[in-house]
Structure formats: structure tokens, C-alpha cells
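1. dropping a prediction and its sequence here:
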Number of protein chains: 2
Amino acid sequence: MSLDEFGMINRYLKPLAKGFPGALALTDDAALIDCCSNEQIVIAKDALVENVHFLSSDPVDLIARKLLRTNLSDMAAMGAKPFGYLTMIAWPPTLQADFFPTFAKGLAADQREFAVHLLGGDTVSTSGPLVLSLTILGSVPKGHALTRSAAKIGDLVFVSGTLGDAALGLRVLRGLAATEDEALALVDRYRLPRPRIALGQALLGVAGAAIDVSDGLLADLGHIASTSAVGIDIDIVNLPLSEAARSLPGALEAALSGGDDYELAFTVPPGKIEEALMAAKRAGVPITQIGRVTERRGVRALDRQGQQLELAQTGWVHF
Amino acid sequence: MSLDEFGMINRYLKPLAKGFPGALALTDDAALIDCCSNEQIVIAKDALVENVHFLSSDPVDLIARKLLRTNLSDMAAMGAKPFGYLTMIAWPPTLQADFFPTFAKGLAADQREFAVHLLGGDTVSTSGPLVLSLTILGSVPKGHALTRSAAKIGDLVFVSGTLGDAALGLRVLRGLAATEDEALALVDRYRLPRPRIALGQALLGVAGAAIDVSDGLLADLGHIASTSAVGIDIDIVNLPLSEAARSLPGALEAALSGGDDYELAFTVPPGKIEEALMAAKRAGVPITQIGRVTERRGVRALDRQGQQLELAQTGWVHF
């Protein structure tokens, strides 16, 4: 592909900036964002690298949507309402000519779904693999953002949706045997995360600490535990597994340690459980109580008898 | 280098977030920015790729500062006051172990100089060259940002500092003969841009259109001309060349088409020339009148006789 950066931006990216006047139609060095004194701007930046975070064989429109959605998921975890984003595309010379139109098509689809606009960015060439970075912007009522540091001993721990599907989807793409229905469902979860934007906003004033499950449930709850200076116990019997995941080997491992689920894990004070369930209902997302916040530091996965499991070479075993 | 992302972030990046409470000590998915209703947030995102925008042999602390400064320059061009930034580092396995501490040292030096703080970001691994992306944030009084679209026919065109030094500095690094003093001065300009932050803010309400010279003077004035639907004539005899540049072959070409100068080019209505000169004095940066905004579209470089020069294979020639 020959580099016609300005032509490419004009043709495929400029339409994505329409509808946000502060994007200045991508003509300027920067974008302008109006502010309200009773709100805070929420900003995050996540990158994806070819064959690290997505496969070269993944459909390009889904790569674009995954890039946007992994960042939207950071907005969900803070309870923020997203409104715009900037992209950085470092593209290798081997890129197909239809990359940019297909990439833009994917972004356009998600702009409609999540009510966000492209505000700016940069395209550069690289001799290495495709590197994509995105900066996402949203807003929250001042002082009300969900953070990782607000978990309290005695809080209950919830998670949205189902866990482990994305990791199993990646394993299916790499050769794990599954029925056609299972494969479709799991691969879709790997390629197209569902950022829980509505749930995050519904949990403002209800949840304590929150995080999106990107590194894996135990690792991400570990971030809450360390930032909040508490411990967390998980009852593995309560982990929500999808129909497709349940029948495959390694489902429990995937639910505990597989990343890329982009579900929300959050803590709820005992007195607010009803409110949390109603918030989830309003957001149209099922949530499941999977554990509790403890005084004893660290994150533990407990079996039906309350025995701690440990990750061994062959999967999770009794401690 | 083994990937100990969390250890690296804690040790080298977290200190850079101190002093900005909304960065949440980099523990969370996103950062929080307080807003004022009489201001607009200004945001831009620029990337640098190894051996495209900097050389593998460039000192790592200067690569970090160049990354930050090229983005700060976008704030300068809008007249914005920068306050924070997010980084994306896609690092190859060949990276030296002292990369991160040295990179952070460079950022820390510029944080002090420009009063900005690290707000968040992402580090990922790549099999390709080092890819760096930065998102910069600033603020402007509402409705007063400098843009590319505000040039008017009859305005005069100014540029800050000197032009062509950075491009000549790159040529010196690649073998162009120069004295030691010339080499030092020019290479420094290539490796360490001077974003004209103070000048940009001083020009609010004075300048019409503005841009930072990153692609090359003619290309960047071309952006102003096309966005403002005007033309621009440049008198090459007035182009400000540094002592070091002046004595080297190709200085004029470098001043017209070399990128990476990160000076500000801007238009000033005839009635505001005194104000512009005073603004420059206040900012401590020399500015030079180099041309004028015309009705006839396009950007032209004119010699002493008013004859148009054109870029040929061998450099600029008479049209």
C-alpha cells in the first residue's frame, strides 16, 4: 500500500469525526472538548499489537471494534459515559489496500452503537507488526467515578455476564475441539468484547470498587485487593460459565485466569445488594455474586468445601 | 529484558503521576480531570517510530523528551496550556534493561520544565521496532483556541525561531560534514524540539491561524491555506536561518521542506502586528515576518525578485 496519509484520513477517518464540532473535522493539531464544572473528564489509553492481542487472521473490522471496545471497557469500569476517542495506527508495509476502509467501517459501526466520535489521532508507518493505540474519553458526575480503591471488608463481590469465554475462544482458534455452535459463540466473545457501559453507569453510587476483567479474574481482583488494602475470597462453584464454555475442558481455568472477558467485577456493600441487582436489571446485564471482601490479604479461589485451590502446571488443584 | 510490567510501572512511571490527584497514582483504568465551564480541554495524539521519527542510536532520555515535546508542540499551536499526558510504549524484546529508567528520567526532566504530569497509559510488547505514542492534554479559554482555519486575506505570516535546523541535524547524523559547533547545535535541534508553549498562549487573541512546523514549512502552511481557503506567499529572503544552518549546503531546502522544527507559523492581521511582536517578546522567542495571505490559492515560495521557486530533483529552482 502506498502511503497517502492525507487522502486516507480525508476519505475514511474524517467521516467518523462528523457530529462532534470540537474535532474540527480533523483539520487541526488537536481537538477541543467543552467542559461542565459538575463533571470530570475520564481518560484512558489501551493498545493492541498484532499477534499479541489479536491475530493477523482476525477480520479487520473486528480488530477495529476490539480496539475501541477494550478502551470503552475502561470507561465502563469507572462508570463513565464515553463520548470520543483518538487513534494511533502504526501500519506495516505489508498492510492490505482494503485495511483502512474496513477498519473505518468497524469503527463506524461501534460509533453508532456506543455514541462516540473520532476526535483525532496519528497514523505512522512501521517495519514491524501492526500496532494500534486508542485514547478514550468520557465523563462522570464529579467525585462519583468508580475506582479500584473503594472495596471494604464485608462487601460482596459480583461479576457481570459469563467468564472464560474469550480465552476459550482463542483456544478454539488455535485448534481446541468444539461444536460449531460453541466455536461461534466463544470466538465471537474473543473477537468482539461487550464493554458494560450501561452497567458501569448504573452502578454509580451503588458499587464500591470496580474493574473490568481484562487480565483474568484473579489478577484483576488482585488489583482491587491491593489498591483497597483488603483480601478477596472467590467461590468457584458460583463462577458464571456460559453454556458453550461449560462443556469444554479448561473452562474453570479460563474463568479464573483467562483474560479478555471485559466483564465488570465489582464490590457491593451488604446493604446495597438489592440496588445492585436492580441496576443490573436496568442495564440488561446479568450479574452473579461470586465472593466477598475479607480482612486477610490476597485473592483466594475456594472450592465447595471452602478449600483453597492453587494453580499448578496442569490447572487448578487443591492447595 | 523480562517483562515485569507492574514492577516497571510502579518504579519508574508512578513517580511521574505524583502531583496530579486525578491520575489516581496510576492504579486505575483511567484518570480523572476536573473541568471548568469557562475552559475547553485540548487533546492531541502523536506517535514516534524507531528509525522513522528517531534513530536507534539517539539517547533514550532524549527520545522520551522528543515524544513529549512533539505533542507539547501541538498544544502550542492551539495556544493551549498543557497539564498532562498519557503514554503508550510498544517495546521490542531487544530493548536494553536501562531503557525504562532512562526513558522515565527524560520525561521527569520535561515534566518539571513544562509543568505537566503523567496521567496513565499502556505498555505492550511487539516483535517490531519501538513504537511510542503519547496523548497530550491542555486547556484554553473557551472559544479562543488558535486553529488552522482562521487565516484571512491580507494577514501577514510569521514564524518563530529559525527553520531547517532539525532537518540539517538529521543530515549531520547521517554524515553531512559540519564543524563541531554546527553539528552540536543542529543535532540538538533534531533531537530536542522546543515547543513554543509560551508563545502560543501569548498569541491568543492576537494571531489568526497557527500551526507548528512539523512536516516542513511549505507543507504546514499548505494545511493553513487549504483549511482557511486562502493562499500564502513566502519571501525566501526573509526565512530565519540559524548561524549553524546558514553555512551548510541545502539550508534553504531544509528551511522550506525539512520537518521537525516545531516552530510556530501563524498569521497576524495587519492591525495586530505590534501586539504580535510584544507577545513574542513576552514569550522570549524571536519571530520573523516571512510572507502574507493571498487570495490566489496554494503556497508559493518567492525569491527576491518575486519569482516563484519550484522544488526540482536537485533542490529549489526558479519556476
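-> Nice, I can see it. Residues are numbered from 1 along each chain as shown, chains lettered A, B, ... in the order given.

2. give me the number of residues near whatever residue of the stretch 101-250 of chain A ends up closest to chain B?
-> Ranked by C-beta to the nearest C-beta, the top residue of the stretch 101-250 of chain A for proximity to chain B is A:Gly128, at 1.1 Å. From N, CA and C alone the C-beta is placed, and that goes for glycine too. For A:Gly128, the number of neighbouring residues by other C-beta atoms under 10 Å in any protein chain shown comes to 19.

3. contacting residues around stretch A:45-63?
-> In this structure, residues lying in contact with stretch A:45-63 by C-beta atoms under 8 Å, 6 or more residues apart in numbering or on different chains are A:66-67, A:70-71, A:74, A:96, A:98-99, A:102-103, A:105-106, A:109, A:129-136, A:173, A:191-192, B:86-88, B:90, B:120-122, B:124-127, B:133, B:135.

4. can you give me the end-to-end span of it?
-> 16 Å (C-alpha to C-alpha, to the nearest Å).

5. what is the rounded mean pLDDT of it?
-> The average pLDDT for stretch A:45-63 rounds to 94.

6. check which residues of that stretch are buried.
-> Of the residues in stretch A:45-63, those buried by neighbour count under the rule 16 or more other C-beta atoms under 10 Å in any protein chain shown are A:45-50, A:53-54, A:58, A:60-63.

7. stretch A:182-198 too?
-> Counting neighbours by 16+ other C-beta under 10 Å, one finds that the buried residues in stretch A:182-198 are A:182-183, A:185-198.

8. chain B next: which of those are close?
-> Filtering these for proximity to chain B by C-beta under 8 Å from any C-beta of the partner chain leaves nothing.

9. among those residues, which ones are in helices?
-> With helices defined by DSSP state H, the entries of the buried residues of stretch A:182-198 inside them are A:182-183, A:185-191, A:197-198.

10. for those, please prepare CSV with the additional fields pLDDT.
-> As requested, these are arranged in CSV below (pLDDT from 0 to 100):
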residue, pLDDT
A:Glu182, 95
A:Ala183, 96
A:Ala185, 96
A:Leu186, 97
A:Val187, 96
A:Asp188, 95
A:Arg189, 95
A:Tyr190, 94
A:Arg191, 94
A:Ile197, 98
A:Ala198, 98
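
11. which of those residues sits closest to A:Phe6?
-> Nearest to A:Phe6 among those, counting by C-beta to C-beta, is A:Arg191 at 30.9 Å.

12. for the stretch 201-319 of chain A, what spans make up the strands?
-> For the stretch 201-319 of chain A, the strands defined by DSSP state E, counting those that start in this stretch cover A:210-212, A:231-235, A:264-268, A:287-294, A:298-302, A:308-312, A:315-318.

13. filter the contacts of stretch A:45-63 down to the buried ones, PyMOL style.
-> Selecting just the buried residues from these in PyMOL takes one command, with 16+ other C-beta under 10 Å as the test:
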select buried, (chain A and resi 66+67+70+71+74+99+102+103+106+129+130+131+132+133+134+135+136+173+191+192) or (chain B and resi 86+87+88+90+120+121+122+124+125+126+133+135)
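
14. can you get me a residue count around A:Gln308?
-> Using other C-beta under 10 Å, A:Gln308 has 12 other residues around it.

15. oh sorry, the question was meant for A:Arg148
-> Residues within reach of A:Arg148, counting by other C-beta under 10 Å, total 25.

16. contacts only, for the nearest residue to it once chain neighbours are set aside.
-> Taking C-beta to C-beta, 6 or more residues apart in numbering or on different chains, and ignoring the residues beside it in sequence, A:Arg148 has A:Thr227 as its nearest neighbour in space, at 4.2 Å. Going by C-beta under 8 Å, 6+ apart, A:Thr227 touches A:147-149, A:209, B:27-28.

17. dump those residues into JSON lines; add pLDDT and secondary structure as well.
-> Formatted as JSON lines, those follow (pLDDT from 0 to 100; DSSP: H, G, I helix; E, B strand; the rest coil):
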{"residue": "A:Thr147", "pLDDT": "95", "secondary structure": "strand"}
{"residue": "A:Arg148", "pLDDT": "96", "secondary structure": "coil"}
{"residue": "A:Ser149", "pLDDT": "95", "secondary structure": "coil"}
{"residue": "A:Ala209", "pLDDT": "97", "secondary structure": "strand"}
{"residue": "B:Thr27", "pLDDT": "88", "secondary structure": "coil"}
{"residue": "B:Asp28", "pLDDT": "89", "secondary structure": "coil"}
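
18. going by neighbour count, which of these comes out on top?
-> The most crowded member of the contacts of A:Thr227, judged by other C-beta under 10 Å, is A:Ala209 (28 neighbours).

19. ok, that residue to A:Ala76 distance?
-> 14 Å (C-beta to C-beta, to the nearest Å).

20. quick check: domain ranges of chain A?
-> A:5-141, A:156-305 (automatic domain parsing).

21. of those domains, which is nearest B:Ile236?
-> Set against B:Ile236 and scored by C-beta to C-beta, the domains of chain A come closest in domain A:5-141, at 24.8 Å.
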